[in-house]
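In: need the 3D shape of this:
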Amino acid sequence: MTYTFADKLGSLKPSMIREILKSANDKSVIPFSAGNPSSEAFPAAEIAGITADILANESTTALQYGITEGYAPLIGAVKQNLAAKLTIADTDDVIITSGAQQAIELSARAICNPGDRIMCENPTFIGGINAFKAAGLVLSGVDVEEDGINIEAAEKAASAVKMIYVIPNSQNPTGVTMSLEKRKALYQIACKHNLIIIEDDPYGDISFSGKTVPPIKSFDTEGRVIYAGSFSKTIAPALRIGFALCNKEILQKFVILKQITDVHTTSLSQMICYRFMRDYDYNAHLDSISRIYKNKCSLMLEGIEEHLSGVEFTRPDGGLFIWCTLPSGIDLLEFAQKAIQRKVAIVPGIAFLTDENQPSSSFRLNFSTPSEEAIVKGIRILGEVFSSAFNHEIH
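Out: Residues are numbered from 1 along each chain as shown. All right, here's what the predicted structure looks like:
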């Protein structure tokens, strides 16, 4: 039989980059290409105890259908946690989603029509790129600077778009945190052009300095910011618990779309998440995992300074990623291929660009997944690959 697929899948074909990274599944490969939280950050023992207690005493609630908006106690806990960052308007409410990825996808489907343009940071999260392309949207990329999105370029692009998507804290893939001034300026652009902002914040609770910048949502007086959060990086990704804080009118559209997609987020996972936040010191847990990631990030940065002299790189204050840029003249894909031959996987930067035909000399490194020993070894190997490529180029 000859199959005919939806036209919108045409832009979601496997890429050359993903073919390079297939070998990263090899257990002997150092996975700098990953984006997973560290397994040592998982509260496995606590989750085991919570799960056993729920199944013993609240099995009907845990195993039965739930309401689409989410498990009410968890919604309350999310609001309480958000209260430290912002004041929730009476016109706003929270919906529990299957990861922040679903919150992004629901936003695109609820607000935009196929053919509409969406402004994104360039580079940006590949999950966002694919969600928007699957919804039939056209991406307008705006470059990321060392303090966040280029505001002048954002202002120029705003008149032609319907929505803005940004990751203000420890951005994926660059690790850059947007300044308060740029957050306020971007919000004013949205107000001026009557745009919705998706503020994707999966890394805001992972801070190395303890200092945080107020969310764009914190000064949203017009109900135009959809704040998406997640417990994937702070508790466990397999629970698939995310949430969106937004205007109730938008939220009701999310409910309709979510009923079509998955009816409701898994009740057991929601209850586990709530109980962990209720029964344990959640802020202390965040401090603990932030220390784990700070140590790993520092170790990787030290290795880059020692072994990759001549490579530009970001210095994140949180999150999971470092963005590196090769000197001109070195072929990025060849560099990535030679690295994987040496059992080190990186992600070429073109995977994160809003225009897949745009050239890139950058690559993303993840420090959360590999062990400290693997970080030291992997960066040393990348240094050897780089030295070989650089020496070849100058000769």
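In: so what's the residue count around the nearest residue to Asn169 once chain neighbours are set aside?
Out: Once flanking residues are discounted, Asn169 sits nearest to Gly204: 4.2 Å by C-beta to C-beta, 6 or more residues apart in numbering. C-beta coordinates here come from the backbone N, C-alpha and C atoms, glycine included. When counting by other C-beta atoms under 10 Å, one arrives at 24 neighbours for Gly204.
In: pull the contacting residues for Gly204.
Out: For Gly204, the contact set (C-beta atoms under 8 Å, 6 or more residues apart in numbering) comprises 85, 168-170, 212, 215, 229, 318.
In: quick check, pLDDT for it.
Out: pLDDT recorded at Gly204 is 96.
In: could you grab the helix/strand/coil label for it?
Out: coil (DSSP: H, G, I helix; E, B strand; the rest coil).
In: could you number the chain from 21 rather than 1 from now on?
Out: Sure, I'll start numbering at 21, so the last one becomes Gly224.
In: tell me how far it lies from Leu106.
Out: According to C-beta to C-beta, to the nearest Å, Gly224 stands 11 Å off from Leu106.
In: what do these two both touch?
Out: Pro235.
In: so Leu206 belongs to a helix, correct?
Out: Yes. Judged by three-state DSSP, Leu206 forms part of a helix.
In: which element is Ile218 on?
Out: Following DSSP states H and E, one finds Ile218 within strand 216-220.
In: elements contacting that strand?
Out: Here strand 216-220 touches helix 119-131, strand 183-186, helix 200-213, strand 245-250, going by 3 or more C-beta pairs under 8 Å, 6 or more residues apart in numbering; DSSP states H and E.
In: distance between the lengthiest helix in the chain and the chain's centre?
Out: Among the segments of the chain that qualify as a helix by DSSP state H, the longest is helix 302-327. Mean-position distance between helix 302-327 and its chain equals 18 Å (C-alpha atoms, centre = their mean, to the nearest Å).
In: packing partners for that helix?
Out: Using 3+ C-beta pairs under 8 Å, 6+ apart: helix 302-327 touches strand 341-345, helix 392-414.
In: quick check: which of these is nearest to Pro51?
Out: helix 392-414 (8.0 Å; C-beta to C-beta).
In: dump the helices and strands packed on helix 302-327 into TSV; add mean pLDDT as well.
Out: Output for those, formatted as TSV (pLDDT from 0 to 100):
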stretch	mean pLDDT
strand 341-345	98
helix 392-414	87
